[in-house]
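Novice: A structural model of the following input is requested.
(4 chains)
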There are 4 protein chains.
Amino acid sequence: MSAISIGIIGCGYWGPNLLRNFAENEAAELRWICDTDEVRLAAMGRRYPAAQTTTDYQRLLADPKLDAIAIVTPVATHFAIARQALLAGKHLLVEKPLTATAREAEELNRLAEHNQRTLMVDHTFVYTGAVRKIKEIVRSGELGQLLYFDSVRINLGLFQPDINVLWDLAPHDLSIMDYLIERQPDAISAIGSCHIEPGIENIAYLILHFADDFIAHFHFNWLAPVKIRRTLIAGSSKMILYDDIEPTEKVRVYDKGVTTNRVGDREADYQRLVSYRTGDVWAPQLDSTEALRHVVVEFLESIRAARRPLTDGEAGLRVVRLLEAAQQSIKRGGQAIHFASVT
Amino acid sequence: MSAISIGIIGCGYWGPNLLRNFAENEAAELRWICDTDEVRLAAMGRRYPAAQTTTDYQRLLADPKLDAIAIVTPVATHFAIARQALLAGKHLLVEKPLTATAREAEELNRLAEHNQRTLMVDHTFVYTGAVRKIKEIVRSGELGQLLYFDSVRINLGLFQPDINVLWDLAPHDLSIMDYLIERQPDAISAIGSCHIEPGIENIAYLILHFADDFIAHFHFNWLAPVKIRRTLIAGSSKMILYDDIEPTEKVRVYDKGVTTNRVGDREADYQRLVSYRTGDVWAPQLDSTEALRHVVVEFLESIRAARRPLTDGEAGLRVVRLLEAAQQSIKRGGQAIHFASVT
Amino acid sequence: MSAISIGIIGCGYWGPNLLRNFAENEAAELRWICDTDEVRLAAMGRRYPAAQTTTDYQRLLADPKLDAIAIVTPVATHFAIARQALLAGKHLLVEKPLTATAREAEELNRLAEHNQRTLMVDHTFVYTGAVRKIKEIVRSGELGQLLYFDSVRINLGLFQPDINVLWDLAPHDLSIMDYLIERQPDAISAIGSCHIEPGIENIAYLILHFADDFIAHFHFNWLAPVKIRRTLIAGSSKMILYDDIEPTEKVRVYDKGVTTNRVGDREADYQRLVSYRTGDVWAPQLDSTEALRHVVVEFLESIRAARRPLTDGEAGLRVVRLLEAAQQSIKRGGQAIHFASVT
Amino acid sequence: MSAISIGIIGCGYWGPNLLRNFAENEAAELRWICDTDEVRLAAMGRRYPAAQTTTDYQRLLADPKLDAIAIVTPVATHFAIARQALLAGKHLLVEKPLTATAREAEELNRLAEHNQRTLMVDHTFVYTGAVRKIKEIVRSGELGQLLYFDSVRINLGLFQPDINVLWDLAPHDLSIMDYLIERQPDAISAIGSCHIEPGIENIAYLILHFADDFIAHFHFNWLAPVKIRRTLIAGSSKMILYDDIEPTEKVRVYDKGVTTNRVGDREADYQRLVSYRTGDVWAPQLDSTEALRHVVVEFLESIRAARRPLTDGEAGLRVVRLLEAAQQSIKRGGQAIHFASVT
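Specialist: The predicted model follows:
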């Protein structure tokens, strides 16, 4: 079984991590490294001398021996490169978010489908030990009925020149929620504010509205004094706290909840209608493998088996659709965007 | 200088705390204790034998020697009792929220004004060492321009039979913000969900919209596995983290922020437009006096000096107006409620 | 079944807590309250009007209708009062530490035995939900072989005029260890230092030496900037972290340990002889009943059933013996005190 | 000004970090890489192609163009290599601990002195932003009189085949204390236990005895369920908590202490002789430069200027003397080892 040959376009912040993981995977052969910055390109070339380097990604598309491409360029360029790559018959791993618009993502999905190529998006967090463990717990049903999803991802920094905090941070949590909950909202409303750069939101709040009482809320912030990455997933039987800052016990399962017990006595005004239930807390051991290693394995295996990857182009589309609607809601001052009208 | 005579109506959860603080204050004379529950009333009577007890609050209104009344009954009853008490010429301390509607609060303010009586609302948190220290810092201007206010108050429990999480928890954070920021929003939007009792929201998110880029956001939740009470107040120069769960260092001032510095070089795509600025962190010592002691002192002193108390009826009205609008927004699925149209 | 009549001698810091718990227990009848301070005595008398008050504890000893006495006076006075009380036929609950010397504790045990009276020491922590849960886990054997016990109890404050940090804080941890481990050390060595008051140690370290490799260590400190109350109990299979400052998850059981696997290859110098084993972490739900309530119940039930209480005079003696030897070691600059030579 | 030529002996766990830091420093020229393991050597050679590689460190000693050597081999080999290197006229940077015995360290100091060569020990922690900031604070005198130093360094793991927890972890904290306090103890006593490998202590407690009331205590542990790296440095005016696990606020300065105020009234038994003083807490911003970069700079500059480095051979000797005495005390069951008798 020969290795799958890989070309990587884009060696900025995230690209070198993908390069390293492809280089360390024996089922892959790192064939091309591409970047418009020659200095960076040369540095990567020295690190991986067996690969060819180029500043022109068209050379990758034109190489009939190249099986697959990873696109790790700025979001605005994803669609154009990905479209040509699919037309050239290449399998694709695209950095998140998949594209800058839902329409583009839909087009890529159609092309991948038509050309029978793998289209995968790098929703890295889905491949962490923490999120996979939470998925296992959610799937087991032990949380009971899911009630809400609340995520906070804030810290100081990493202002991007081309995208706002929404497009930078929200793909993480939206892809986590998409994977864990497997439900699509009816509508989304969002609020943002630009305190640093006009037109570039550095703080944003999102609410996803569902057909029933389930509710999802997100807080993204580039201008916070402390770093918080914390998600609550509440069920009627148990609740999960996922704190990504914790060095070891990232996931805690609380055997907590409420039991409704109506009271009818004289002191009803001061009685509680509902009583607490608090039990043990459990922090499962988590696989600490670098998530990107799993991303690379999943990409290679889905190509090999001609099957859909876990985070396929449809998952990428769902996240972009949420981002696009959220951005639209922010522009309209928080007005709810309904998905029936969007699609 | 004779003591101000006090009557307390309502000895449920919070009433005994007020009783104790009035009893310990030498400028007050605890004259009446009133509760509809005779068992509770008898217990309080034994504890404060010098006070008269009654199940009928009309006796307090009719007592010409009674100067002031504290109303610590369920919200729905505040207006009726407070109105009669003002008409009877009593000074009033009313438990938060002041009333169940803004219209009622306006009426009480008018009556208090007309009868020249003190009308104070028990916004207890305003009197904590933490909030007063934050006020001092905000007032000094060292935070720079205020950018956002973000508050999370969640835990498991204390479901109320008659009010939802909004009316239960939001008065705390809204009154804190009102005191610290001294600005009124143009509009409010809110989302809530009822997971336990139909019609009684146990989770709510509020966003306050202001004329400029300042933004305020709140998360209230009775169904969370962990207890969080944390507020971020970000300025352009410094930021404050107020964590009320911390046993000692509740307030931290971060000398952190961003500096905009445009870049123009070849690597612009990967450079940051903005750079961090991180300096020292400072946790000021806080006055640890029980806040309620300050509440009682402020009430007595404002009566004595015939001046407005810090948390006067107008502060109570502003909070009720926000609650009312938030509730309205929840009912309309998150639609923004503009205050021009409300008032 | 008539109530057991109780007299309490000493209403300083801890006495009122015992008063309250006896008053709330229906199996007890609070018959006498005694304190040399008349103001304090009068205050307690008003709170519990059914009890008689006196500044002379001899009146309790002389009352034939009094069944049992709780001694909550300074340590130096325990022996004299307790001895007379036992001779007067009273059952005894004595505040920790039981006495100021092991010889006194032995004498009290002899008297209690001879007069068939209950002699119990108030080792309160033994009755907390946390310690009882840990005992359950230790007893189950799931920790494997016990390896060490390490306890830190430090904070700023509560300097005592008459005793040092050792006699103030060590009874807590020594009684916890005594209860959990059920082993007696062969020797003890201790070091202390007096930074504030000459002759009154404000910091002390203790090491207990056992016949095998098990080791126990303690750090007591009245002059620390932070409050830490944390105990590690390590077994060959699992380890426990007991953090008494944590509001809810006070006890954590770590499924962690090491596995010895010798290596013999060329790189032996850099290989590890032993590999880690890390599994789940579990925080069991704890009974949150006030420990003193259990103390009172245990005292009353052991009197009723004429059985030994959980923390009997022998437990009190064991702790005093350790304190006495530790103090002796401190005086000798840390020299080990062997218990064969002590007894 | 030509670069100082460097050879590194030992490329195991720590060596590659030194290699990288020398390679990145323009004042150094990486001339030789030496390791007995040919695979590892080849890997390092590929990474730094300009340097020569060898399995025989004698080739470094024989190279007249080589100025300085870094010895990063197992402790047992330090002396033999260092001695030959000094005799060959090389400047030396030796990994901590400097040698396996104090006698060896003394000999190296004599040789370096005699040959006028720089002898520096890699006490890395001394060069961290945290420790340098603490030194600045201690030096300013604002802590008042130093009262105690208490350090805990525990975690699960990293069992070494050749050395025990004392020789592995204690050099960190002993060198930190040596740097900060600048005092030598009169005696040391230590206790250890071997739970995993016979003869290899995995837990150790050290106490350093000084001429006055100052006291220093250390807890080292390879078999703890949680990772703790925390040092308390208490002064009569202020206290420092240095928590190396904290991601950002590693150093906190507590304006806390006690004030002695004798009392003489009736309630003396229950009054405190000493009252608390609690003020602000301050977490200074720290230089986050990798400490090893400073180590390399200090080594090169002290060679260049022919001056003593901050952590010179004498500092290395002082730490080894403490380690040796501590080991001796452990062997004697905790008996105090006096330094007058040692030297």
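Novice: chain D contacts on the stretch 101-250 of chain A?
Specialist: Proximity of the stretch 101-250 of chain A to chain D (CB under 8 Å from any CB of the partner chain) is limited to residues A:227, A:247. All C-beta atoms are positioned from the backbone trio N, CA, C, and that covers glycine.
Novice: how about low-confidence regions in the stretch 101-250 of chain A?
Specialist: For the stretch 101-250 of chain A, the stretches with pLDDT under 70 are A:158-161.
Novice: residues from it in reach of chain C?
Specialist: So the stretch 101-250 of chain A meets chain C at A:248, A:249 (CB under 8 Å from any CB).
Novice: the closest residue to residue A:15 other than its chain neighbours: how many residues sit nearby?
Specialist: Of all residues not flanking residue A:15 in the chain, residue A:72 sits nearest, at 4.1 Å (CB to CB, 6 or more residues apart in numbering or on different chains). A count of neighbours around residue A:72, defined by other CB atoms under 10 Å in any protein chain shown, yields 24.
Novice: number of residues surrounding residue A:67?
Specialist: With other CB under 10 Å as criterion, residue A:67 counts 22.
Novice: need the contact list for it.
Specialist: Residues near residue A:67 by CB atoms under 8 Å, 6 or more residues apart in numbering or on different chains: A:4, A:5, A:6, A:90, A:91, A:303.
Novice: need the longest helix for chain A.
Specialist: As assigned by DSSP state H, the longest helix anywhere in chain A is helix A:313-331.
Novice: against residue A:80, how distant is the residue nearest to residue A:15?
Specialist: Relative to residue A:80, residue A:72 is positioned 15 Å away (CB to CB, to the nearest Å).
Novice: which stretches of the stretch 201-343 of chain A form helices?
Specialist: A:291-304, A:313-331, A:339-342 (DSSP state H, counting those that start in this stretch).
Novice: indicate which one of these is closest to residue A:121.
Specialist: helix A:313-331 (3.5 Å; CB to CB).
Novice: what residues of the closest one count as buried?
Specialist: Going by neighbour count (16 or more other CB atoms under 10 Å in any protein chain shown), the buried part of helix A:313-331 is A:313-327, A:329-330.
Novice: and if you look at stretch A:187-207?
Specialist: Buried-residue list, stretch A:187-207, by 16+ other CB under 10 Å: A:187-193, A:195-197, A:200-207.
Novice: end-to-end on it?
Specialist: Taking CA to CA, to the nearest Å, stretch A:187-207 runs 8 Å from one end to the other.
Novice: touching chain B at all, it?
Specialist: Yes: using CB under 8 Å from any CB, stretch A:187-207 reaches chain B at A:189, A:191, A:193, A:194, A:195, A:196, A:197, A:203, A:205, A:207.
Novice: contacting residues for the first one?
Specialist: Pointing back at residue A:189 there. So residue A:189 contacts A:206, A:207, A:209, A:329, A:334, A:335, A:336, A:337, B:189, B:191, B:334 (CB under 8 Å, 6+ apart).
Novice: give me the nearest residue to it, chain neighbours excluded.
Specialist: Nearest residue to residue A:189, sequence neighbours excluded (CB to CB, 6+ apart): residue A:336, at 4.3 Å.
Novice: now swap in the second one and tell me
Specialist: Counting by CB to CB, 6+ apart, residue A:191 lies nearest to residue A:334, which is 4.6 Å off, once chain neighbours are set aside.
Novice: so how many other residues sit close to that neighbour?
Specialist: 20.
Novice: same check, this time on the one 3 residues further on
Specialist: Residues contacting residue A:337 under the criterion other CB under 10 Å number 22.
Novice: can you list the residues of the stretch 101-250 of chain A near chain B?
Specialist: Checking the stretch 101-250 of chain A against chain B by CB under 8 Å from any CB, the hits are A:147-148, A:150, A:152, A:156-162, A:189, A:191, A:193-197, A:203, A:205, A:207, A:209, A:213-215, A:217, A:219, A:221, A:223-226, A:232, A:234, A:236, A:239-241.
Novice: can you rerun that using 6 Å?
Specialist: A:147, A:156-157, A:159, A:161, A:189, A:191, A:193, A:195-196, A:203, A:205, A:207, A:213, A:215, A:217, A:225-226, A:234, A:239, A:241 (CB under 6 Å from any CB of the partner chain).
Novice: coming back round to it: got a list of what the residue nearest to residue A:15 touches?
Specialist: A:10, A:14, A:15, A:18, A:95 (CB atoms under 6 Å, 6 or more residues apart in numbering or on different chains).
Novice: out of those residues, who's the most crowded?
Specialist: residue A:10 (27 neighbours).
Novice: that one touches residue A:70, doesn't it?
Specialist: No: using CB atoms under 6 Å, residue A:10 is not in contact with residue A:70; the gap is 8.1 Å.
Novice: identify the contacts common to those two.
Specialist: In terms of CB under 6 Å, 6+ apart, residue A:10 and residue A:70 are not both contacted by any residue.
Novice: about what we covered before: so which of the residues of stretch A:187-207 next to chain B are in strands?
Specialist: The strands, defined by DSSP state E, take in A:189, A:191, A:193, A:203, A:205, A:207 from these.
Novice: a markdown table for the residues you listed, including distance to residue A:34?
Specialist: Converted to a markdown table, these look like this (distance: CB to CB, whole Å):
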| residue | distance to residue A:34 |
| --- | --- |
| A:189 | 40 |
| A:191 | 39 |
| A:193 | 37 |
| A:203 | 35 |
| A:205 | 38 |
| A:207 | 40 |
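Novice: if we can go back for a sec, and the residues of stretch A:187-207 next to chain B as CSV, adding distance to residue C:141?
Specialist: CSV is the format used below for those (distance: CB to CB, whole Å):
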residue, distance to residue C:141
A:189, 56
A:191, 56
A:193, 58
A:194, 61
A:195, 58
A:196, 59
A:197, 62
A:203, 53
A:205, 51
A:207, 51
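Novice: quick check: the residue of the stretch 101-250 of chain A nearest chain C.
Specialist: residue A:249 (5.6 Å; CB to the nearest CB).
Novice: contacting residues around that residue?
Specialist: So residue A:249 contacts A:283, C:281 (CB under 6 Å, 6+ apart).
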